[in-house]
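[1] Structure of the sequence below:
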Amino acid sequence: MPTIVTATCYRTLENSLAYQFRNPQLLEEALRHRSFVNEHPETVGRDNERLEFLGDAVLNLVVSHVLMQTFPDTVSYTHLRAHETS
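    Take a look at the predicted model:
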C-alpha cells in the first residue's frame, strides 16, 4: 500500500519553503515519480515526467542565456552548457 501524502505534509513543505503553491494538484504531480505510478496502478494522476521535461528545457534556456551574456565571443556554447548543467 502506498504511503499517503496528506494535506499536512504539503503545508509543512510550504511552510519550510515560505511559499504557498497555487495549484496543489500540480505540486502533487511534480512529486509523483514514474516508478511509484508503475508500482501502484490504482494511483490517480500522472507522473512527473512531463514537468521534469519542461523544467529541463527552462533550465537549459536560462543557462544558455547566461552563457551568451557572459561569453559573447564564444563560438561553441554546447560544451559550456553541458558542463554547467551536468
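
[2] From the centre of this protein, give me the residue that's furthest out.
    Asp73 (31.6 Å; C-alpha atoms, centre = their mean).

[3] Just the buried positions in stretch 24-42, please.
    29, 32, 37 (16 or more other C-beta atoms under 10 Å). C-beta: built from backbone N, CA, C; applies to glycine.

[4] related to what we said a few turns ago, next, the residue farthest from the centre of the chain: secondary structure please.
    Of the three states, Asp73 takes coil under DSSP: H, G, I helix; E, B strand; the rest coil.

[5] Angles on the backbone of it, please.
    When quoted as degrees, to the nearest 10, the phi and psi of Asp73 stand at phi -100, psi 10.

[6] pull the CA atoms of the helix or strand hosting Val66 into PDB?
    Per DSSP states H and E: Val66 is located in helix 49-70. C-alpha atoms of helix 49-70 as PDB (Å, rounded to 0.1, in the frame of the first residue of the first chain):
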ATOM      1  CA  GLU A  49       7.900  13.100 -16.400                       C
ATOM      2  CA  ARG A  50       6.300  16.000 -18.400                       C
ATOM      3  CA  LEU A  51       7.100  18.500 -15.700                       C
ATOM      4  CA  GLU A  52      10.700  17.200 -15.500                       C
ATOM      5  CA  PHE A  53      11.000  17.700 -19.300                       C
ATOM      6  CA  LEU A  54       9.600  21.200 -19.000                       C
ATOM      7  CA  GLY A  55      11.900  22.100 -16.100                       C
ATOM      8  CA  ASP A  56      15.000  20.800 -18.000                       C
ATOM      9  CA  ALA A  57      14.000  22.900 -21.000                       C
ATOM     10  CA  VAL A  58      13.600  26.000 -18.900                       C
ATOM     11  CA  LEU A  59      16.900  25.400 -17.100                       C
ATOM     12  CA  ASN A  60      18.600  24.900 -20.500                       C
ATOM     13  CA  LEU A  61      17.200  28.200 -21.700                       C
ATOM     14  CA  VAL A  62      18.300  30.100 -18.700                       C
ATOM     15  CA  VAL A  63      21.800  28.600 -18.700                       C
ATOM     16  CA  SER A  64      22.200  29.300 -22.400                       C
ATOM     17  CA  HIS A  65      21.100  32.900 -22.000                       C
ATOM     18  CA  VAL A  66      23.600  33.500 -19.100                       C
ATOM     19  CA  LEU A  67      26.400  31.900 -21.100                       C
ATOM     20  CA  MET A  68      25.700  34.000 -24.100                       C
ATOM     21  CA  GLN A  69      25.700  37.100 -21.900                       C
ATOM     22  CA  THR A  70      28.800  36.100 -20.100                       C
END
